[in-house]
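**Q** starting from these lines, generate the structure:
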Amino acid sequence: MELFLHQVLAGIATGGIYACMALAIVMIYQAIDHLNFAQGEMAMFSTFIAWQLIQWEVPYWAAFFLTLAISFAGGYLIERIILKPIQNAPILSQLVAFIALYSILNSSAGEIWDFNIKTFPSPFELLRML
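**A** Residues are numbered from 1 along each chain as shown. Here you go, the predicted structure:
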């Protein structure tokens with residue numbers, strides 16, 4: 001029974017992740033009228049920036065807000081450099097542009113931070129110590 005309950009909860013958790021990704025795709029499509037296949041890579045790149053700041057011993061919450069600012073600036077540049085020029089382009093051109101952005105971000109992150117799995121610290125480690 002315990003194994004069954006574990007499998008059910010794992011399935012619900014996995015389904016929740018898929019639902020969040022689908023919701024993100026729909027929200028981004030509704031906001032910009034483009035299918036941005038690079039949204040996960042953009043989030044991954046932001047997470048690596050936060051991880052790097054923490055490795056440089058920037059306090060967790062300072063790294064969090066600094067990452068927000070850096071990601072906002074990066075998103076603004078992507079919007080101006082990629083989204084604006086392809087706004088009225090054929091749909092296939094838009095898809096190719098976002099798949100290229102996906103590849104560029106993925107390869108850049110691998111080149112900068114390596115392709116190995118890294119651990120990310122919890123913001124609540126101090127609460128566990130109390």
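
**Q** CA atoms for contacts and neighbours, from now on please.
**A** Fine.

**Q** contacts only, for the residue positioned nearest the centre of the chain.
**A** Nearest to the mean C-alpha position of the chain, by Cα atoms, centre = their mean, lies Ala43 at 1.4 Å. By Cα atoms under 8 Å, 6 or more residues apart in numbering, no residues touch Ala43.

**Q** give me the element it is part of.
**A** Applying DSSP states H and E as the criterion places Ala43 in helix 39-55.

**Q** gap between that helix and the chain center?
**A** 7 Å (Cα atoms, centre = their mean, to the nearest Å).

**Q** can you spell out the domain ranges of this structure, please?
**A** Using automatic domain parsing, the domain ranges for the chain come out as 1-33, 36-119.

**Q** the helix or strand that the helix holding Ala43 is followed by to helix 39-55, inter-axis angle?
**A** Next helix or strand after helix 39-55 toward the C-terminus (DSSP H and E): helix 60-78. Interaxial angle, helix 60-78 versus helix 39-55 (axes from the mean of the first three to the mean of the last three Cα atoms, to 10 degrees): 140 degrees.

**Q** next helix or strand past helix 60-78?
**A** Later in the chain than helix 60-78, the nearest helix or strand by DSSP H and E is helix 91-113.

**Q** buried residues in stretch 110-121?
**A** Going by neighbour count (16 or more other Cα atoms under 10 Å), the buried part of stretch 110-121 is Trp113.

**Q** give me the contacts around that stretch.
**A** So stretch 110-121 is contacted by Phe48, Trp51, Ala109 (Cα under 8 Å, 6+ apart).

**Q** and the pLDDT for the second one?
**A** The one in question is Trp51. pLDDT for Trp51: 95.

**Q** okay, now the unreliable bits of this structure?
**A** By pLDDT under 70, the low-scoring segments of the chain are 125-130.

**Q** how about the contacts of stretch 110-121 in TSV, adding distance to Leu23 and neighbour count?
**A** Below are the contacts of stretch 110-121 laid out as TSV (distance: Cα to Cα, whole Å; neighbours: other Cα atoms under 10 Å):
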residue	distance to Leu23	neighbour count
Phe48	23	18
Trp51	25	22
Ala109	25	18
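
**Q** I'd like those as CSV, with distance to Ile28 appended.
**A** As requested, those are exported to CSV (distance: Cα to Cα, whole Å):
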residue, distance to Ile28
Phe48, 22
Trp51, 25
Ala109, 22
